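Peer 1: 3D model of this:
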Amino acid sequence: MSALIPRRAPLDAPRAAAAHVAVSGLSLWFGGLKALTDVSFEVRPGTITALIGPNGAGKTSLFNCISGFYRPRAGRIVLDGADITATHPPARARAGLARTFQNIALFKGMTVLDNIKLGRHAHMKTNLLQALAYWGAARREEMELRAEVEREIIDFLEIDHIRNKPVASLSYGLQKRVELARALAMRPRLLMLDEPVAGMNREETEDMARFILDVKEEWGISILMVEHDMGMVMDISDHVVVLNFGKVIAQGPPAEVQRDPEVAAAYLGSGDPAELMRRLAAPREAA
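Peer 2: Model prediction:
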């Protein structure tokens with residue numbers, strides 16, 4: 001992938017401070033199966049941290065622990081000094097954590113705009129009865145939300161032309177962009193992206209990579225990303241954490257991780273960093 005340059009799209013609304021997340025000594029097991037063992041790393045404010053590793057390395061289990069879907073057996077997850085290890089997913093969403101999913105989790109019969117607006121539900125002030133009546137404060141909040149979504153998120157992700165279309169009618173790549181839009185509607189301080197370019201062709205991958213860079217540069221959001229596209233990971237990440245069999249085997253800047261023999265062994269079966277770097281540099285075919 002060639003060098004990526006953020007689009008520098010201006011945004012009007014003030015942003016909350018980017019999150020600092022510290023994972024320390026995290027362990028998770030299911031019966032006799034150890035999914036994670038003593039995992040520790042940090043996501044620095046306003047950076048992109050990539051979580052990589054072979055299939056079965058424990059990446060999804062770790063993601064689910066951080067987002068609150070799994071409860072680790074040991075260790076801590078700390079958000080800006082507050083221990084959130086035992087908090088439920090809605091509380092984490094209110095604290096500024098948002099995520100996308102490997103398998104697209106959108107309401108296919110609803111429009112793009114309505115799907116995006118659902119991302120704000122954790123921050124809405126009106127209750128269910130007020131929303132059903134759609135009057136007074138509920139109506140004002142709905143109008144403000146729609147204006148903000150259209151002005152900031154829809155324009156930012158260049159999906160104005162599909163905002164009133166049902167999600168089911170969209171291409172796979174556009175559906176992934178809508179899911180990113182819904183996560184941004186949550187006003188996250190930490191954005192967790194689960195395989196954001198899985199199944200995309202080269203053009204769609206480069207578009208999504210640019211949007212992710214823009215989110216970091218323009219919105220100032222910390223990003224934690226699980227991704228198998230190693231070329232894209234090495235292009236846009238500030239920090240890379242490598243898992244294998246549930247353990248961290250390497251972490252650091254992308255160039256440093258690429259040269260680690262243990263990383264090459266995990267991916268290639270032999271500790272040859274030069275071969276790993278050759279494969280990363282090889283042109284990727286469009287899907």
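
Peer 1: Let me see the domain layout of the protein.
Peer 2: Split into domains by automatic domain parsing, the chain comes to 1-11+18-96+188-287, 105-186.

Peer 1: Return the distance of Gln102 relative to Met225.
Peer 2: According to C-beta to C-beta, to the nearest Å, Gln102 stands 12 Å off from Met225. Placement of C-beta: from N, CA and C, glycine included.

Peer 1: Likewise for Ile236?
Peer 2: 9 Å.

Peer 1: anything in contact with each of the two?
Peer 2: Ile48, Ile212 (C-beta atoms under 8 Å, 6 or more residues apart in numbering).

Peer 1: Neighbour count: these two, which is higher?
Peer 2: Met225 (24 against 21; other C-beta atoms under 10 Å).

Peer 1: Neighbours of His20, how many?
Peer 2: 18.

Peer 1: Verify the stated contact: it with Leu224.
Peer 2: No. Assessed by C-beta atoms under 8 Å, His20 is found out of contact with Leu224, at 11.6 Å.

Peer 1: Touching both of those two, which residues are there?
Peer 2: With C-beta under 8 Å, 6+ apart as the test, His20 and Leu224 both reach Val43.

Peer 1: ok, Pro196 touching Ile212?
Peer 2: Yes. With contacts counted by C-beta under 8 Å, Pro196 reaches Ile212, the gap being 6.7 Å.

Peer 1: all helices for the stretch 101-250 of the chain, in order.
Peer 2: 112-118, 128-133, 137-148, 155-156, 172-184, 202-219, 230-236 (DSSP state H, counting those that start in this stretch).

Peer 1: Tabulate those (a markdown table), appending distance to Gly81 and mean pLDDT.
Peer 2: Shown next, in a markdown table, are the helices of the stretch 101-250 of the chain (distance: least, C-beta to C-beta, whole Å; pLDDT from 0 to 100):
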| stretch | distance to Gly81 | mean pLDDT |
| --- | --- | --- |
| helix 112-118 | 30 | 87 |
| helix 128-133 | 34 | 44 |
| helix 137-148 | 29 | 63 |
| helix 155-156 | 30 | 90 |
| helix 172-184 | 24 | 93 |
| helix 202-219 | 22 | 94 |
| helix 230-236 | 28 | 91 |
